[in-house]
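Undergrad: just coords:
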């Protein structure tokens with residue numbers, strides 16, 4: 001009986017160590033975005049993973065994440081993001097809408113309805129005075145969109161890998 005208890009305790013310890021090692025910190029996320037997409041984001045106070053696709057062997061999927069900042073963040077201007085102006089507002093909103101529409105298209109009816117509720121709960125539309133970043137790779141099959149809403153102090157991130 002003691003042997004089983006020891007074996008169970010050892011497996012539980014291994015499991016908790018594995019979970020801790022696999023856990024991603026906010027700094028890890030920031031570092032990943034800088035390495036992968038070339039954007040130097042400030043460390044957020046809170047991260048809300050609104051939608052993350054199931055893990056895929058190839059790394060394919062789509063992600064919608066919101067970073068929240070509690071203080072005014074002047075570092076956004078140094079991040080590589082550009083201010084939204086009349087010249088780029090249409091393009092920014094088109095890319096956001098395309099991400100949402102394409103993401104909804106790939107899910108079944110019931111999943112699509114739940115996902116649509118999430119997008120409706122967190123509507124994102126670029127406005128004058130916001131900041132924007134877009135980068136595509138792999139012939140446009142992988143892309144990253146970020147919109148910082150100054151008045152909300154939130155950064156909305158859309159990431160697509162195909």
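TA: Nice, I can see it. Remember, it's a predicted structure, so these values are computed and weren't measured experimentally.
Undergrad: only C-alpha atoms for contact and neighbour calcs from this point on.
TA: OK.
Undergrad: which helix or strand contains the spatially most central residue of the chain?
TA: By C-alpha atoms, centre = their mean, the chain has its centre lying nearest to residue 65, at 3.4 Å. Residue 65 is part of strand 61-68 when elements are defined by DSSP states H and E.
Undergrad: excluding chain neighbours, what is closest to the residue nearest to the centre of the chain?
TA: Leaving aside its sequence neighbours, residue 65 sits nearest to residue 49 (C-alpha to C-alpha, 6 or more residues apart in numbering; 4.6 Å).
Undergrad: torsion angles phi and psi at that neighbour?
TA: The phi and psi torsions at residue 49 (degrees, to the nearest 10) take the values phi -80, psi 90.
Undergrad: burial measure for it, as a count.
TA: For residue 49, the neighbour count with other C-alpha atoms under 10 Å is 12.
Undergrad: wait, doesn't it sit right on residue 68?
TA: No: if you go by C-alpha atoms under 8 Å, residue 49 and residue 68 don't touch, sitting 11.3 Å apart.
Undergrad: next up, the contacts around residue 35.
TA: If you count contacts by C-alpha atoms under 8 Å, 6 or more residues apart in numbering, residue 35 has none.
Undergrad: residue 52 versus that one, what's the distance?
TA: From residue 35 across to residue 52, the span is 20 Å (C-alpha to C-alpha, to the nearest Å).
Undergrad: tell me who's in contact with residue 40.
TA: Counting by C-alpha under 8 Å, 6+ apart, the residues that residue 40 touches are 30, 33, 34, 78, 79, 80.
Undergrad: cool, and residue 144?
TA: Contacts of residue 144 by C-alpha under 8 Å, 6+ apart are 37, 133, 134, 135, 136, 157, 158, 159, 160.
Undergrad: now do the strand holding residue 65: everything it contacts.
TA: Residues contacting strand 61-68 (C-alpha under 8 Å, 6+ apart): 44-55, 103, 153-162.
Undergrad: who are the packing partners of the following helix or strand past that strand?
TA: Downstream of strand 61-68, the next assigned helix or strand under DSSP H and E is strand 82-83. The contact analysis (3 or more C-alpha pairs under 8 Å, 6 or more residues apart in numbering; DSSP states H and E) places strand 82-83 against strand 131-137.
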